[in-house]
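Participant: turn this into a model:
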Amino acid sequence: MAFSELLDQVGGLGRFQVLQMVALVVPIVWLTTQSMLENFSAAVPSHRCWVPLLDNSTAQASVPGALGPKDLLTVSIPPGPNHEPHQCRRFRQPQWQLLDPNATATNWSEAATEPCMDGWVYDRSTFTSTIVAKWDLVCDSHALKPMAQSIYLSGILVGAAVCGHISDRWLAESARWLLITGRLERGLRELRRVAVINRKRVVEGTLTTEALLSAMQEELSVGQAPARLGALFCTPGLPLRTGISTLCWFAFGFTFYGLALDLQALDSNIFLLQVLIGVVDIPAKIGSLLLLSRLGRRPTQVGSLVLSGLCILANTLVPYEMGALRSALAVLGLGGLGAAFTCVSIYTGELFPTVLRMTAVGLGQMAARGGAILGPLVRLLAVHGRWLPLLVYGGVPVLSGLAALLLPETQSLPLPDTIQDVQNQAVKKATRSTPGPTVLKSTHF
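Facilitator: Take a look at the predicted model:
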């Protein structure tokens, strides 16, 4: 009896698997909600410099005549690049000449302005309180916002590394992994527990050490390399898989969090955008599962990364006035990244043998977290060109998707249990791709 048959007897899809899925989904949903909250807790409200004529009742009382707030704003705040009141500068002295209907922009110079020396006034009609308004993360301090986001994402990475072992208390270990690594008693206990939860008590009595040794004879007969991180880079046949799969994980975290945590940059309704991202993400993930079974792992991985990158790169060519089109391309790009995440999660597990599978997945998740930390910082490149961050965000998934073309296809192939299985797959592929000897037939006339 093979080990796969043994797993079918204890229940391949039952109450145990459902409970495991719920235990994983609940914290993931909570974490994602907390991450996306940054769009609202760190939103940048409209703001202008604090000036006495507008914000000090004593100074307003000294103004001659009956001037309204609009006139006082005109003489106190210079126009900004978008012809709205400048967000980071104010006039040193009120420019009364600007109230003249014939006044032009040449009636004042840059020398007549100064930075916001007394703080800012924020529009609280949409966001009553944000960390940007609380800590004045605007103008010369605007770079502190993406830095704060990176620090937050760094905390998630550290928490995952430090607290990850706590999950062993309530998540079951893989029975196959326990058995391959020689922990027969623990593997036997896990299989019995699965059988009990899945109400397969009939087979519980047949789960003995002898039965396990018989089922795992092939796996246990092959010497196993220690499940160390270095084995992913030193074992023949694995370094290429490790490098490219890790790059795909990095591309997802880097681009997704770089874009999704700054929806305001699209100059659209961030509440609507947040809803649209969630609505698109669900069918994108379901569609990726269907494509994985129809097209295969490699084409789906390549297509999802390349198409999402192209959508993001297309936004570098769309004028900022076309907000609807920019938002649509961004939502499609993020949806493609969601599909890429689903694909790489499945694909990585199929590329590596059981003894190294979770090590490879863990390395990929660390790469995704590292990409997420760097993602917000790329927005600082906007000082050199508003199109530059989008160029980086779009280029990384495109290059990663093209690199995924070098990975082997794993659809309909059995999961490799040992490193030898991976090497055998590579040998079979090389044998199929190597043409046989050429035979020339000579005919005498």
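
Participant: where in the stretch 51-200 of the chain is pLDDT low?
Facilitator: In the predicted model of the stretch 51-200 of the chain, residues 58-66, 103-108, 164-168, 170-174, 176-177, 179-181 satisfy pLDDT under 70.

Participant: in it, which spans are helices?
Facilitator: Assigned by DSSP state H, counting those that start in this stretch, the stretch 51-200 of the chain shows helices spanning 52-55, 57-61, 69-76, 131-135, 144-163, 175-180, 184-197.

Participant: hey, C-alpha coordinates of the third one in CSV?
Facilitator: In CSV, the C-alpha atoms belonging to helix 69-76 read as follows (Å, rounded to 0.1, in the frame of the first residue of the first chain):
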residue,chain,number,x,y,z
PRO,A,69,-12.4,83.9,3.3
LYS,A,70,-11.8,83.6,-0.4
ASP,A,71,-10.1,87.0,-0.6
LEU,A,72,-8.1,86.4,2.5
LEU,A,73,-6.9,83.1,1.1
THR,A,74,-5.8,84.9,-2.1
VAL,A,75,-3.7,87.4,-0.3
SER,A,76,-2.2,84.8,2.2
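
Participant: what is that helix packed up against?
Facilitator: Under the contact criterion of 3 or more CB pairs under 8 Å, 6 or more residues apart in numbering; DSSP states H and E, helix 69-76 touches helix 52-55, strand 89-91. The way it works is simple: take the backbone N, C-alpha and C, and place the C-beta from them, glycine included.

Participant: each with direction, which strands does the last one pair with?
Facilitator: For strand 89-91, the paired strands and their directions (DSSP bridges) are strand 113-115 (antiparallel).

Participant: relative to residue 123, how far out is the residue lying closest to residue 251 once chain neighbours are set aside?
Facilitator: Excluding the flanking residues, the one nearest residue 251 by CB to CB, 6 or more residues apart in numbering is residue 400, at 3.8 Å. Relative to residue 123, residue 400 is positioned 40 Å away (CB to CB, to the nearest Å).

Participant: more neighbours: which of the two?
Facilitator: Neighbours of residue 400 and residue 123, each counted by other CB atoms under 10 Å, are more numerous for residue 400; the result is 27 against 11.

Participant: give the other helices and strands that the helix or strand harbouring that one contacts.
Facilitator: Per DSSP states H and E, residue 400 falls inside helix 388-403. On a contact count with 3+ CB pairs under 8 Å, 6+ apart, helix 388-403 meets helix 239-260, helix 297-314, helix 323-351.

Participant: the first one: how far from the chain's middle?
Facilitator: This points to helix 239-260. The chain centre lies 8 Å from the centre of helix 239-260; the measure is CA atoms, centre = their mean, to the nearest Å.

Participant: C-terminal to it, what's the next element?
Facilitator: Downstream of helix 239-260 (by DSSP H and E), the next one is helix 270-294.

Participant: so which elements touch that following helix?
Facilitator: If contacts are counted by 3+ CB pairs under 8 Å, 6+ apart, helix 270-294 sits against helix 38-41, helix 297-314, helix 323-351.

Participant: and it with helix 323-351, angle?
Facilitator: If you take axes from the mean of the first three to the mean of the last three CA atoms, to 10 degrees, helix 270-294 sits at 40 degrees to helix 323-351.

Participant: what residues of helix 270-294 count as buried?
Facilitator: Buried residues in helix 270-294, defined by neighbour count with 16 or more other CB atoms under 10 Å: 270, 273, 274, 276, 277, 280, 281, 284, 287, 288, 291, 292.

Participant: tell me how far the closest residue to the second one other than its chain neighbours lies from residue 330.
Facilitator: Of all residues beyond its chain neighbours, the one nearest residue 273 is residue 263 (4.9 Å), with distances taken as CB to CB, 6+ apart. Here residue 263 is placed at a distance of 8 Å from residue 330 (CB to CB).

Participant: mutual contacts of the two, please.
Facilitator: residue 273 (CB atoms under 8 Å, 6 or more residues apart in numbering).

Participant: report the contact partners of the residue nearest to residue 273.
Facilitator: Neighbouring residues of residue 263 by CB under 8 Å, 6+ apart: 39, 270, 273, 274.

Participant: roughly how far does it sit from residue 320?
Facilitator: Distance from residue 263 to residue 320, by CB to CB: 15 Å.

Participant: what is the neighbour count of residue 49?
Facilitator: 26.

Participant: what's across from it in the sheet?
Facilitator: Beta-bridge partners of residue 49, counted by DSSP bridges, are residue 120.

Participant: verify the stated contact: it with residue 88.
Facilitator: Yes: the pair residue 49 / residue 88 is scored as a contact, 7.3 Å apart, by CB atoms under 8 Å.
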